[in-house]
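Novice: Using only what follows, build the 3D model:
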Amino acid sequence: MTGSAGKVRYAVVGLGYIAQVAVLPAFRNARRNSELAALVSGDPEKLRGLGRRYGVEHLYSYERYAECLANVDAVYIALPNHLHHSYAVAAARAGVHVLCEKPLAVSVEQCREMIGEARRHDVRLMTAYRLHFDRATMRALEIAGEGRLGDPRVFHSAFTMQVKPGNIRLGPEALGGGPVYDLGVYCINAARHLFASEPERVQACSRSGGDLRFSQSHEALAATMAFQDGRLASFTVSNGAEKRGWYELIGTHGWLRMSPSYDYAAPIVLEVEIDGRRRKSRYGRRDQFAPELLAFSASVLAGRDPESSGAEGLADLRVVEALLESARRGGSVDLPPFDGGARLDENQAIHRPPVERPELLHAHAPGAS
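Specialist: As a prediction, the model looks like this:
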């Protein structure tokens, strides 16, 4: 199986909720350089049904993953968090490029191995940070980076949802369960880029209450991150609260607020106040997954590393690990210096129209709609 001229042929690995509602439909908006060529799942009915829906003939079970890798250029890994590492490493060793959902892995050690294997086999590795190509997000970064708020001093955020019983997000934290892996990485990533800096010290407090859903992982975690020059970031994430997601950045001369800041389908409102003058901008619904595909395929075809590389996933995982350590033993945890690589280019936003939500096949939303 070889790609059409100028196109990267993908296998989507894992056909759960996010793959069905966002990743698979996105290929229509990314057809300039990306082609859906294969599907991988342990559910034969999913394979047959989604194969028919998207016109994909090459269908593989997980046991036939090696066979799949011999016939595609790239994989989009949409598996549970604890499986990202093994499936990405296998792809890299087969010479197949990897676009992997966040978090990149469940430990810093796993991230480093994924990055090392990608380099060793000369394949591209990208962490699927869809917001890095979102117009509203890029606008917020532009405002902060130009100094229009003065010196950014404070970031705070909340990202919460009600996760249904039995969902894998409620599993053990050793397997990537809990709110920090699934939700906290968004807050960490936003703070790092709005401050254009890496945290030096973190502290966290976690709670679970008496809800039996949270017998294996925390219900909620509140975090503080200290950056250089006295800047502070704080956020709270929860798998047991009403669905919300927003952040604020406060500078010496103004502030901005984005809500919903982490959603992939809803319209976004960016509110900015500078020297007492306030303005609101509304950004309509859009497809955030096609831009990821377009950007990653462009990097593959050009033979260069993508912007949101494996190092970006590692940068956030080191913070996640430190926060969980702080929550376990109490007190703050220092982080060694880290070069997270290139900062985001505010001009890299890619707009694609929204996709219609398809009918789900043996998959369920993690929380209430």
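
Novice: so where do the helices sit in the stretch 51-200 of the chain?
Specialist: Assigned by DSSP state H, counting those that start in this stretch, the helices in the stretch 51-200 of the chain fall at 65-69, 84-93, 108-120, 135-145, 179, 185-195.

Novice: care to break the protein down by domain?
Specialist: 8-130+289-307, 135-285+317-340 (automatic domain parsing).

Novice: can you redo these as CSV with distance to residue 358 and mean neighbour count?
Specialist: The way it works is simple: take the backbone N, C-alpha and C, and place the C-beta from them, glycine included. Listed next are the domains of the chain as CSV, based on distance: least, Cβ to Cβ, whole Å; neighbours: other Cβ atoms under 10 Å:
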stretch, distance to residue 358, mean neighbour count
domain 8-130+289-307, 6, 20
domain 135-285+317-340, 13, 18
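
Novice: need these in JSON lines with mean pLDDT and distance to residue 366, can you?
Specialist: Formatted as JSON lines, the domains of the chain follow (pLDDT from 0 to 100; distance: least, Cβ to Cβ, whole Å):
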{"stretch": "domain 8-130+289-307", "mean pLDDT": "97", "distance to residue 366": "7"}
{"stretch": "domain 135-285+317-340", "mean pLDDT": "96", "distance to residue 366": "5"}
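
Novice: quick check: angle from the strand or helix carrying residue 237 to helix 185-195?
Specialist: Using DSSP states H and E, residue 237 maps to strand 232-238. Here the directions of strand 232-238 and helix 185-195 differ by 160 degrees (axes from the mean of the first three to the mean of the last three Cα atoms, to 10 degrees).

Novice: Tell me the helix or strand right after strand 232-238.
Specialist: From strand 232-238 onward toward the C-terminus, using DSSP H and E, the following helix or strand is strand 240-251.

Novice: The longest helix along the chain - contacts with which helices or strands?
Specialist: The single longest helix within the chain, with elements called by DSSP state H, is helix 310-329. Helices and strands touching helix 310-329, by 3 or more Cβ pairs under 8 Å, 6 or more residues apart in numbering; DSSP states H and E, are helix 108-120, strand 125-127, helix 185-195, strand 201-207, strand 220-226, strand 333-334.

Novice: Restrict the first one to CA atoms and write it as CSV.
Specialist: Just to be clear, that refers to helix 108-120. Provided in CSV are the C-alpha atoms of helix 108-120 (Å, rounded to 0.1, in the frame of the first residue of the first chain):
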residue,chain,number,x,y,z
VAL,A,108,8.6,10.6,31.6
GLU,A,109,10.6,7.4,31.0
GLN,A,110,8.1,6.2,28.5
CYS,A,111,8.1,9.6,26.7
ARG,A,112,11.9,9.6,26.5
GLU,A,113,11.8,6.1,25.0
MET,A,114,9.2,7.1,22.4
ILE,A,115,11.3,10.1,21.4
GLY,A,116,14.5,8.0,21.3
GLU,A,117,12.9,5.4,19.1
ALA,A,118,11.5,8.0,16.7
ARG,A,119,14.9,9.6,16.3
ARG,A,120,16.6,6.2,16.0
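
Novice: what's the angle between it and helix 310-329?
Specialist: Going by the same axes, to 10 degrees, helix 108-120 makes 170 degrees with helix 310-329.

Novice: Does anything pack onto helix 108-120? Which helices or strands?
Specialist: Packing partners of helix 108-120 (3+ Cβ pairs under 8 Å, 6+ apart): helix 84-93, strand 97-100, strand 125-127, helix 310-329.
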